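**Q** please find the sequence and the predicted model below.
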Amino acid sequence: MPAVSTALREDLHRAGYYPELVADVLDVALSDEPVLAHLVHPETTFDSAEVRRHVTVLALTATRLVCAHVDDHPADAEHPSASASATTESVPLRELRSVALTHVVAQPERHHAGESALELTLAIGWGAVSRVDLEPASCGDPQCDADHGYTGTLAPDDVVVRVSAAAEGVQAVRAATDFARRLSAASAGS
């Protein structure tokens, strides 16, 4: 029996982005382990010359977080037909280092318990990928023109999913919040 549940398969079809391909690569990565919670996030990006689509799927099992990412590759001089690449990664829950949530709300002074955010950003880190933000370092002396090197921050950046009510709808933000809640609980127990 495939590990990709009926609910996950329905969400893949609703997203409309190569649903059978995504289900197949997830099924291989899940290795028959049932999905407890999932998040399907299709995204379209606009380049100056083309439109690119991709989808990120997060599937939580009792032991792992399975991440799938599928991208379009348009035809070009070397590749006469369009293609897609599908990558999956399985992360044991005990390896998760952080589950960070950023909730954006309008009129926070009027916020009521249980109201959905306008936007939710879910950042999950397990140490495979980090983002480095650097800027020139300076000292407190306004007359100083010495080179003080650089200062910066290193932040986990394995998977970041941003869901917006304006773009995807309030229900998509709620679904992302529900998934984040389940993932947070699962990562705390591992």
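**A** Thanks, I have it.
**Q** point to the helix or strand of the protein where mean pLDDT is at its lowest.
**A** strand 150-156 (a mean of 71; mean pLDDT, DSSP states H and E).
**Q** helix or strand right after that one?
**A** Sequence order places strand 159-164 as the next helix or strand after strand 150-156, per DSSP states H and E.
**Q** tell me what that following strand is packed against?
**A** With contacts defined as 3 or more CB pairs under 8 Å, 6 or more residues apart in numbering; DSSP states H and E, the packing partners of strand 159-164 are strand 37-46, strand 51-60, strand 119-125, helix 170-188. Every C-beta, even on glycine, is put in place using the N, C-alpha and C of the backbone.
**Q** farthest residue from the center of this protein?
**A** Going by CA atoms, centre = their mean, the residue of the chain most distant from its centre is residue 143, 44.7 Å out.
**Q** can you pull the pLDDT of that residue?
**A** At residue 143, the pLDDT value in this model is 87.
**Q** before we move on, what about residue 183?
**A** Residue 183 is given a pLDDT of 96.
**Q** now do residue 135 against residue 115, distance only.
**A** Separation of residue 135 from residue 115 (CB to CB, to the nearest Å): 36 Å.
**Q** re earlier: just to be sure, the residue farthest from the centre of the chain is in a strand?
**A** No - under DSSP: H, G, I helix; E, B strand; the rest coil, residue 143 sits outside any strand and is assigned coil.
**Q** and what about residue 11, helix, strand or coil?
**A** Here residue 11 is recorded as helix under three-state DSSP.
**Q** pretty sure it is touching residue 42, no?
**A** No - checked against CB atoms under 8 Å, the pair residue 11 and residue 42 is beyond contact range at 9.8 Å.
**Q** list phi and psi for the residue nearest to residue 79 when sequence neighbours are not counted.
**A** Nearest residue to residue 79 in three dimensions, chain neighbours excluded: residue 73, at 7.0 Å (CB to CB, 6 or more residues apart in numbering). Reported as degrees, to the nearest 10, the phi and psi values for residue 73 are phi -130, psi 110.
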